[in-house]
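Participant: heads up, no residue letters with this:
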Ligand SMILES: NC(=O)C1=CN([C@@H]2O[C@H](COP(=O)(O)OP(=O)(O)OC[C@H]3O[C@@H](n4cnc5c(N)ncnc54)[C@H](O)[C@@H]3O)[C@@H](O)[C@H]2O)C=CC1
Ligand SMILES: CC(=O)C(=O)O
């Protein structure tokens with residue numbers, strides 16, 4: 001059983017990402033009550049009906065209802081997937097002005113309800129919107145979490161798993177930094193069942209060239225998917241579900257999420273993708289994985305890119 005009784009989630013934003021997340025929650029049976037809020041109330045009504053028709057076949061009962069911001073007051077987690085999404089050719093950072101404005105009103109409504117739980121953010125650019133949510137909400141930094149590079153790490157581990165013909169759960173490797181174009185792979189710490197990637201590449205030198213392609217495929221996956229089908233949603237929905245499960249089941253599991261840095265990795269006052277221990281209180285701690293000199297330079301660049309964009313909004 002991976003379910004704790006009596007928990008309540010409010011989802012704000014029932015588009016492609018939000019509705020896929022709702023479906024993954026139902027499928028895995030990890031929450032008791034889900035309330036859904038969106039400007040498109042008709043679609044919420046339709047999705048609530050549709051999801052409820054699947055409850056009989058879910059691992060455990062779940063109440064799913066159309067919600068209002070008042071429902072946030074005793075929620076354990078409010079998950080925000082609302083806002084503009086990238087169109088083909090747009091970067092995540094192109095969405096910043098529009099989505100910060102939307103978030104100001106959404107987070108104010110959530111906090112007016114008396115909400116005192118954990119905020120989980122998926123909307124892009126996710127690192128900056130997580131920072132914005134922390135600023136707008138006044139919640140402690142450990143109770144504001146962004147999905148960060150959870151999806152990028154899953155993409156990375158998937159591609160490495162194909163290359164080395166093992167399950168992705170046996171690949172230990174992270175993508176950190178911005179969930180976006182400046183993200184980086186922590187090659188120096190990557191290993192499969194304890195055998196370092198460096199050692200594996202010495203044993204299989206023919207794979208060396210593939211590693212660069214793998215990084216590029218991870219970094220650019222969203223562009224490829226958006227070009228092919230207009231949006232990405234299943235991968236991130238699974239990542240959000242994984243973070244939700246870590247919180248509700250108090251798992252103390254390490255996931256690459258957007259977490260607030262307070263000196264870790266040499267940086268302050270920024271939310272960015274790093275490995276962090278997640279439990280019922282939110283982010284228990286940021287794990288400072290050792291980085292090579294080159295990785296640290298790339299991480300610094302990623303952080304500075306985030307700060308350069310967010311600072312004018314929060315002077
Ligand atoms: N963090 C990650 O790894 C990923 C993040 N995303 C991001 O998630 C966000 C959502 O993407 P999609 O679901 O594809 O977009 P979508 O356009 O399908 O859904 C967005 C939803 O937000 C709603 N919305 C807009 N303003 C609202 C407001 N003020 N209050 C309540 N609802 C509001 C819209 O009505 C719509 O239903 C985008 O910013 C996208 O870039 C997408 C994939 C991965
Ligand atoms: C859209 C997006 O952020 C992603 O799929 O990575």
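Facilitator: Structure received. Owing to the predicted nature of the structure, the values given are computational and were not obtained by experimental measurement. Numbers count the residues shown, from 1 in each chain. Ligands and ions are numbered 1, 2, ... in the order given.

Participant: C-alpha from now on. contacts and neighbour counts both.
Facilitator: Noted.

Participant: Next up, the contacts around residue 136.
Facilitator: Residue 136 makes contact with 104, 107-108, according to C-alpha atoms under 8 Å, 6 or more residues apart in numbering.

Participant: Quick check: chain neighbours aside, which residue is closest to residue 32?
Facilitator: Using C-alpha to C-alpha, 6 or more residues apart in numbering and skipping the chain neighbours, the partner closest in space to residue 32 is residue 62 (4.7 Å).

Participant: Give me the number of neighbouring residues for the one you found.
Facilitator: By the measure other C-alpha atoms under 10 Å, the count of residues near residue 62 is 21.

Participant: That one reaches residue 55, doesn't it?
Facilitator: Yes. When contacts are counted by C-alpha atoms under 8 Å, residue 62 is listed as touching residue 55 (6.7 Å).

Participant: where along this protein do the helices fall?
Facilitator: For the chain, the helices defined by DSSP state H occupy 16-28, 41-52, 96-112, 126-137, 150-164, 197-203, 208-219, 221-229, 234-248, 293-310.

Participant: do the first one and ligand 1 meet at all?
Facilitator: Yes. For helix 16-28 and ligand 1, the contact criterion (C-alpha under 6 Å from any ligand atom) is met by 16-18.

Participant: Select only the buried ones of those in ChimeraX?
Facilitator: Filtering these down to the buried ones (16 or more other C-alpha atoms under 10 Å) takes a single ChimeraX command:
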select :16,17,18
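
Participant: Can you convert the residues of helix 16-28 next to ligand 1 into JSON lines and add a column each for distance to residue 135?
Facilitator: Formatted as JSON lines, these follow (distance: C-alpha to C-alpha, whole Å):
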{"residue": "16", "distance to residue 135": "26"}
{"residue": "17", "distance to residue 135": "24"}
{"residue": "18", "distance to residue 135": "23"}
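
Participant: Please tabulate the residues of helix 16-28 next to ligand 1 in a markdown table, including the columns pLDDT.
Facilitator: Output for those, formatted as a markdown table (pLDDT from 0 to 100):
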| residue | pLDDT |
| --- | --- |
| 16 | 98 |
| 17 | 98 |
| 18 | 98 |
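
Participant: Neighbour-wise, give me the winner out of the contacts of residue 136.
Facilitator: Counting by other C-alpha under 10 Å, top hit in the contacts of residue 136: residue 107 with 23 neighbours.

Participant: Let me see the contact set for that residue.
Facilitator: 133, 136-137.

Participant: Those residues of the stretch 151-300 of the chain touching ligand 1, which are they?
Facilitator: Residues of the stretch 151-300 of the chain lying near ligand 1 (C-alpha under 6 Å from any ligand atom): 151, 231-233, 236.

Participant: of all the residues you listed, which two lie farthest apart?
Facilitator: Using C-alpha to C-alpha, these span at most 14.1 Å, a distance reached by 151 and 231.

Participant: Nice, that's everything, thank you.
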